[in-house]
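Trainee: Model the structure of this input:
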Amino acid sequence: MNKVIITVLGKDSVGIIAKVCTHLAAERINVLDINQTIVQDYFHMMMIVDISAAEESLEELTDAMQKLGEEVGLRIHVQREEIFEAMHRI
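Mentor: Residues are numbered from 1 along each chain as shown. Below you'll find the predicted structure:
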C-alpha cells in the first residue's frame, strides 16, 4: 500500500468533499480514512488515501489538488505518509 495524507483548509462551502473525492475516484485513488470538521465558518479535512492503483503520479496528484484548491479558494496539501509521520514524531 502506498499511503498519502491530504489536508484541506479554507472557508466552508457546499461540495468541498465531493470535489476532492470526485477527482480521487477518477484517478483510482482509494480513500482509506477521512475526518472533517467545521469550526465557525472554517473547513478542515484530513484524508488518508492509497495511491497504489492511481492513474497519476504523486507529483501530478499534488499539482491537481493545488489547482483544485485555487479554483475553489482552499489550501490543499498532499504529503507522503512517511514524511507526515516523521514531521509529527516527538
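
Trainee: what about the strands in the chain?
Mentor: Along the chain, counting by DSSP state E, strands occupy 3-11, 30-39, 42-50, 74-80.

Trainee: For the lengthiest helix in the chain, name the packing helices and strands.
Mentor: Looking across the chain with DSSP state H, the single longest helix is helix 58-72. Helix 58-72 is packed against strand 3-11, helix 16-26, strand 74-80, with contacts defined by 3 or more CB pairs under 8 Å, 6 or more residues apart in numbering; DSSP states H and E. Every residue, glycine included, has its C-beta placed from N, CA and C.

Trainee: any idea how far D41 is from S57?
Mentor: 34 Å (CB to CB, to the nearest Å).

Trainee: do the same with E81
Mentor: 30 Å.

Trainee: Neighbour count: these two, which is higher?
Mentor: E81 (15 against 9; other CB atoms under 10 Å).

Trainee: so who does the more buried one touch?
Mentor: With contacts defined as CB atoms under 8 Å, 6 or more residues apart in numbering, E81 is in contact with 3-5, 48.

Trainee: mind running it again at 7 Å?
Mentor: 3-5 (CB atoms under 7 Å, 6 or more residues apart in numbering).

Trainee: neighbour-wise, which of those residues leads?
Mentor: V4 (23 neighbours).

Trainee: was I right about it contacting M47?
Mentor: No. Counting by CB atoms under 7 Å, V4 sits too far from M47 to count as a contact (8.5 Å).

Trainee: and for these two, which residues touch both?
Mentor: With CB under 7 Å, 6+ apart, V4 and M47 have no common neighbours.
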